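Pasted the sequence and its predicted model underneath.
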Amino acid sequence: MIYSNIEKKEDVYDYYKEYFNKYQPATYNDESLTDLQCSAGRRRGIKDLYKLGKSLYPELTYDKLIEVLLRLREELIFTTSVDSASYLNNKPLLVGYICKDIKKIVFKKSALPNGNYCSSLDENPLIYDLRLYSEYDDFDKYEYDTPYEHYLEYSKKHFGKWNIEYFNKRVNKIIDERKKKDRSVKEISSE
């Protein structure tokens, strides 16, 4: 387990909302918050986010965590110093990245959102769209047609279980379950 100075909330969603709103406070290996696990402001991988939530919410599952991340991504729930819907351009502030340094998919609150910065992959709304960024243009030198294809293969080799393909499957499973639930609710409501 890992710990932070964010106090437990009634709902795990509210806990992660505050965690990201405070720009990912430092995490610790101990409850007394003395043994630093990762410094404040750093992007966090799915496993670290899971361990962080699990320390306060023993019933937390990876699927529940993915549901929470999807909600945070979809809803404009974050506080910002600029309180303007036009500034936000209806773009969410939770962004998932592919981090080559630690070889993980990581998440953070985006401080200065704009249209491209918060665009996500068609394959997975929790990961930003690499195809929009010039810094990834050099991946055209690889044998893959796109940076996304490069990262799919790269993540299979280096990310372990939580590679892009596996993460996409888990996220899309949750999205499909939500759609089924929404259809069921609509059918019951119309009766």
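The structure has been received and is ready for your questions.

average model confidence for stretch 7-23?
Across stretch 7-23, pLDDT averages out at 91.

Show the subsequent helix or strand relative to the helix-or-strand element of the chain with minimal mean pLDDT.
Across the helices and strands of the chain, mean pLDDT, DSSP states H and E gives its lowest value to helix 85-88, namely a mean of 48. Using DSSP states H and E, the helix or strand that follows helix 85-88 in sequence is strand 94-99.

Give the other helices and strands that that following strand contacts.
helix 62-74, strand 104-109 (3 or more CB pairs under 8 Å, 6 or more residues apart in numbering; DSSP states H and E). (C-beta placed from N, C-alpha, C; glycine too.)

and the next element down the chain from the last one?
Tracing the chain C-terminally past strand 104-109 and defining elements by DSSP H and E, one meets helix 147-158 next.

Which strands or helices does that following helix pack on?
helix 164-190.

What count of nearby residues applies to Lys156?
13 (other CB atoms under 10 Å).

Quick check: closest non-adjacent residue to it.
The shortest distance from Lys156 to any non-neighbouring residue, by CB to CB, 6 or more residues apart in numbering, is to Asn163 (5.1 Å).

Would you check that Asp48 makes contact with Thr27?
Yes - contact criterion CB atoms under 8 Å: Asp48 and Thr27 qualify, at 6.9 Å.

Overlap in contacts, the two.
The overlap between the contact sets of Asp48 and Thr27 (CB atoms under 8 Å, 6 or more residues apart in numbering) consists of 2, 37-38.

Of the residues you listed, which is the nearest to Arg183?
Proximity to Arg183 was ranked across the shared contacts of Asp48 and Thr27 by CB to CB; first place goes to Ile2, at 37.7 Å.

For Ser55, see how far away that closest one is.
6 Å (CB to CB, to the nearest Å).

same deal with Leu65?
Counting by CB to CB, the gap from Leu65 to Ser55 is 13 Å.

Look at the two and report which has more neighbours.
Leu65 (22 against 17).

For Tyr57, see how far away that one is.
Leu65 is 10 Å from Tyr57, by CB to CB.

what stretches of this protein score poorly on pLDDT?
76-93, 110-122, 128-147, 185-191 (pLDDT under 70).

Could I get the phi/psi values of the residue nearest to Tyr28 when sequence neighbours are not counted?
In this structure, Tyr28 finds its nearest non-sequential neighbour in Tyr3, 4.9 Å apart by CB to CB, 6+ apart. The phi and psi values for Tyr3, taken as degrees, to the nearest 10, are phi -140, psi 160.

close enough to count as contact, Tyr3 and Asp30?
Yes - when contacts are counted by CB under 8 Å, Tyr3 is listed as touching Asp30 (6.8 Å).

Neighbour count: those two, which is higher?
Under the criterion of other CB under 10 Å, the comparison of Tyr3 against Asp30 puts Tyr3 first, with 19 against 12.
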